[in-house]
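J.: what follows is a predicted protein model with its sequence.
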Amino acid sequence: MLEFVDRSFDGVATWDDLRPLMCGIAHAAQVHADDLETRLDSGRRYLGVTLHGMRA
């Protein structure tokens, strides 16, 4: 994960870097909610928190 953060700061992160992150977020959103709207909201929130945390 730290290699991904380093590459993202350099502007060279790839889809292969993002795929595990997106899959983890999708899984977490699906596990923690029953209806589609709540899953979408959770996924957006998880993604926002993750990306914001990586910039900090």
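T.: Good, I have the coordinates.
J.: who's in contact with the closest residue to Gly43 other than its chain neighbours?
T.: Using C-beta to C-beta, 6 or more residues apart in numbering and skipping residues adjacent in sequence, the residue nearest Gly43 is Ala29, 3.7 Å away. From N, CA and C alone the C-beta is placed, and that goes for glycine too. Going by C-beta atoms under 8 Å, 6 or more residues apart in numbering, Ala29 touches Arg39, Leu40, Ser42, Gly43, Tyr46.
J.: packing partners for the host helix or strand of Ser42?
T.: Secondary structure assignment for Ser42, by DSSP states H and E: helix 36-55. On a contact count with 3 or more C-beta pairs under 8 Å, 6 or more residues apart in numbering; DSSP states H and E, helix 36-55 meets helix 15-31.
J.: quick one on the thing from earlier: buried subset of the contacts of Ala29, written for ChimeraX?
T.: In ChimeraX syntax, the buried subset of those is picked out as below (16 or more other C-beta atoms under 10 Å):
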select :39,42,43,46
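J.: okay if I get the contacts of Ala29 as CSV plus pLDDT and distance to Ala33?
T.: Below are the contacts of Ala29 laid out as CSV (pLDDT from 0 to 100; distance: C-beta to C-beta, whole Å):
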residue, pLDDT, distance to Ala33
Arg39, 86, 4
Leu40, 86, 9
Ser42, 85, 5
Gly43, 84, 9
Tyr46, 83, 11
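J.: reformat the contacts of Ala29 as JSON lines; add distance to His52.
T.: Below are the contacts of Ala29 laid out as JSON lines (distance: C-beta to C-beta, whole Å):
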{"residue": "Arg39", "distance to His52": "20"}
{"residue": "Leu40", "distance to His52": "18"}
{"residue": "Ser42", "distance to His52": "16"}
{"residue": "Gly43", "distance to His52": "15"}
{"residue": "Tyr46", "distance to His52": "11"}
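J.: I'd like to know how far Arg45 sits from Asp16.
T.: Arg45 is 25 Å from Asp16, where distance means C-beta to C-beta, to the nearest Å.
J.: and the two? which has more neighbours close in?
T.: Arg45 (12 against 8; other C-beta atoms under 10 Å).
J.: that one: what's it in contact with?
T.: No contacts exist for Arg45 under C-beta under 8 Å, 6+ apart.
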